[in-house]
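Novice: here are the coordinates; sequence isn't available:
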C-alpha cells in the first residue's frame with residue numbers, strides 16, 4: 001500500500017509531466033522493496049539518474065537538478081525545504097513524495113530554462 005503526495009508549483013515547465021516521470025522512476029526502483037541501508041546508495045543513484053534521463057529525453061530547453069532522499073520510516077518524521085532565486089515565469093520545481101510501510105522518499109526536480 002503505497003501513497004503518493006504531490007506538491008508542484010505551476011510555472012514555465014510541465015510539472016505534471018515531471019511528476020509522473022519521477023513517480024514512475026521511484027516505483028521502478030523502490031516498488032515492492034523494504035528499507036535496507038545496504039541498498040540506499042544504489043537506489044538513490046538509480047532514481048536520480050533515471051529521472052534525469054527521462055527529463056532530458058523530453059527535449060525541452062532546460063537544465064535539470066534532481067535530488068533524492070530515502071529514509072527509514074520512524075516516529076520522528078522527515079522534513080525538507082528548499083529556496084530558489086530565479087525567473088518564476090520560466091524556471092520551476094516539482095517535489096514528489098513517495099512512501100511505503102518501511103521508508104519515505106522525496107525527490108526534488110529543479111528546472112532552469114536555457115536562454116538561447
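Specialist: All right, it came through fine. Because the structure is predicted, anything quoted here is derived from the model rather than measured.
Novice: where along this protein do the helices fall?
Specialist: Ranges of helices within the chain are 15-30, 40-57, based on DSSP state H.
Novice: sort out which residues of the last one are buried, please.
Specialist: Of the residues in helix 40-57, those scored as buried under the neighbour-count criterion (16 or more other CB atoms under 10 Å) are 40, 43-44, 46-48, 50-52, 54-55. For glycine as for every other residue, the C-beta is placed from the backbone atoms N, C-alpha and C.
Novice: hmm, back to that, is it possible to export the helices of the chain to JSON lines including mean pLDDT and distance to residue 78?
Specialist: JSON lines is the format used below for these (pLDDT from 0 to 100; distance: least, CB to CB, whole Å):
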{"stretch": "helix 15-30", "mean pLDDT": "97", "distance to residue 78": "15"}
{"stretch": "helix 40-57", "mean pLDDT": "97", "distance to residue 78": "14"}
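Novice: of all these, which lies closest to residue 88?
Specialist: Ranking the helices of the chain by proximity to residue 88 (CB to CB) places helix 15-30 first, at 12.6 Å.
Novice: now tell me what touches the closest one from outside.
Specialist: Residues outside helix 15-30 that contact it (CB atoms under 8 Å, 6 or more residues apart in numbering): 2, 4, 6, 8-9, 43, 46-47, 50-51, 54-55, 58, 66, 70, 92, 94, 96, 98, 100, 103, 105, 107, 109, 111.
Novice: now the helices of the chain in JSON lines, with distance to residue 75?
Specialist: As requested, the helices of the chain are exported to JSON lines (distance: least, CB to CB, whole Å):
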{"stretch": "helix 15-30", "distance to residue 75": "21"}
{"stretch": "helix 40-57", "distance to residue 75": "20"}
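Novice: which one of these lies closest to residue 84?
Specialist: helix 15-30 (14.1 Å).
Novice: quick one, strands of the protein?
Specialist: Counting by DSSP state E, the chain has strands at residues 3-8, 62-72, 92-99, 103-113.
Novice: among those, show me which one is buried the most.
Specialist: Ranked by mean neighbour count, those are led by strand 92-99 with a mean of 22 (mean count of other CB atoms under 10 Å).
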